[in-house]
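In: just the structure for this:
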Amino acid sequence: MEKGARAALSRLAESQLGLFSAAQAARLGISRAQLSRATRHGYLRRPRSAVYAFGGVPASPLEAQVAAALAAGPDAVVSHRAAASIHRLHGISGGPIAPELTVPRQQFPRLSGVVIHRAGPLPREDVSTRYGVQVTSPARTLIDLASCLGPAALARVLDEGLIERRWGTAELKECLLRTVPNAHGRPIIEGLLALRAEGPAADSVLEARAFAALRPLAPFKTHFVIGIGKFVYVIDAAWPVRRVGAEIVGRSHRAASRSAFDRERRKLNALVTAGWRIAHLTAAMSADEMVATVRALLT
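Out: Coordinates of the predicted model:
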């Protein structure tokens, strides 16, 4: 293998999780016979037919996804759960995820262990590039997940993405308009977006769930700011006229530093002294339990 071509191939592989395809190598003047010889001598390894990696380079957890896309060719797009794993979307982890690709309808790649979806050309706005291959954008990935996740799991992924600013409701609606009208799971996404269109902004998945649960007790203020003496405090949800508030307590509170713990206790003591009644809502509570806890203080 000529030194200059090998250096160019190494640079290309570095941008693709250490991988390259036989077609990419051919464009650099490296034949399949040379690749086979290098593989026999241990200089290369072959994770998938017509896809290679330099020997000694450890396999990435995402290697299977990128290798499948390289094997399928430049029109293939990593999608669905495989794209979610690349974007590290909430809840899409915990074990190996099979490679999943969306390809043009007229293409029929035969790749073992790969889930293939055929569709019309994806809009440019719905495709991004990661590790040298095409991947559906985070918003399009969420919409594709509607075909393989249940409503509850899909809602958690959607809410986590809103909180992490991976997408907004307007962006998701625009992405929906670019999909076919009969796309599987589309009604579920539309329903979830309708529920969140007027919802308050949340700082965590637990807050988003609590705010949704408390809708029967609307109107209420979220992240309500109140001054008591020389201090300013923020109440997660508040009914100021009734001097009733709700604090949403997640797991992060358990790991808080001693100083953060003390600040939280001073805040609660100050609110009680000022005549506020505070409900404590936790992840273990159902929506009905959250509503009942707050309603008891409002009546």
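In: can you pull the contacts of M290?
Out: With contact set as CB atoms under 8 Å, 6 or more residues apart in numbering, M290 has these partners: A210, A213, L214, A246, A279, L281. Just so you know, the C-beta spots here come from the backbone N, C-alpha and C atoms, and that holds for glycine as well.
In: roughly how far is the host helix or strand of it from the heart of the chain?
Out: Taking DSSP states H and E as the definition, M290 sits inside helix 287-298. Computed by CA atoms, centre = their mean, to the nearest Å, the chain-centroid distance of helix 287-298 equals 31 Å.
In: got the phi/psi numbers for the residue nearest in space to the middle of the chain?
Out: Averaging the C-alpha coordinates of the chain gives a centre point, and the residue nearest to it by CA atoms, centre = their mean is L89 (2.0 Å). Torsion angles at L89 (phi, psi; degrees, to the nearest 10) stand at phi -70, psi 150.
In: one more: D236?
Out: According to degrees, to the nearest 10, the main-chain angles of D236 amount to phi -60, psi -50.
In: run a quick neighbour tally on it.
Out: D236 is flanked by 24 other residues according to other CB atoms under 10 Å.
In: that one: what's it in contact with?
Out: Contacts were defined as CB under 8 Å, 6+ apart; by that measure D236 touches E207, A210, T222, H223, G245, A246, E247, I248.
In: and V133, how many residues sit next to it?
Out: Neighbour number of V133 under other CB under 10 Å is 23.
In: now do the contacts for it.
Out: Remark: with contacts taken as CB under 8 Å, 6+ apart, V133 is in contact with Q16, V66, A69, L70, A76, V78.
In: ok, now how distant is the fifth one from F108?
Out: I take that to be A76. Going from A76 to F108 by CB to CB, to the nearest Å gives 12 Å.
In: okay, strands next: where are they in the stretch 151-299 of the chain?
Out: 221-228, 231-239, 244-249, 277-282 (DSSP state E, counting those that start in this stretch).
In: what lines up beside the longest one in the sheet?
Out: For strand 231-239, sheet partners with direction are given as strand 221-228 (antiparallel), strand 244-249 (antiparallel), following DSSP bridges.
In: nearest to S112, of those strands?
Out: S112 sits nearest to strand 244-249 of all these, at 47.0 Å, using CB to CB.
In: and the helices in the stretch 151-299 of the chain?
Out: Counting by DSSP state H, counting those that start in this stretch, the stretch 151-299 of the chain has these helices, from start to end: 151-163, 169-177, 186-196, 205-213, 258-273, 287-298.
In: most packed of these?
Out: Neighbour counts (mean count of other CB atoms under 10 Å) averaged over each of the helices of the stretch 151-299 of the chain peak at helix 205-213, with a mean of 21.
In: what pLDDT, on average, does it get?
Out: Helix 205-213 comes out with an average pLDDT of 85.
In: before we move on, what about stretch 3-12?
Out: 87.
In: and the contacts of that stretch?
Out: Under the criterion CB under 8 Å, 6+ apart, residues M1, F20, Q24, A25, L28, G29, I30, F54, G132 lie in contact with stretch 3-12.
In: ramachandran angles for G56?
Out: phi 90, psi -10.
In: separation between it and G229?
Out: When CB to CB is the yardstick, G56 and G229 sit 64 Å from each other.
In: now R186
Out: Applying CB to CB, the value for R186 to G229 is 53 Å.
In: now P181
Out: P181 sits 58 Å away from G229, going by CB to CB.
In: shaky segments in the stretch 101-250 of the chain?
Out: 196-204, 250 (pLDDT under 70).
In: farthest-separated two in the contacts of M290?
Out: By the measure CB to CB, the contacts of M290 have their two most distant members at A213 and A279, which lie 11.7 Å apart.
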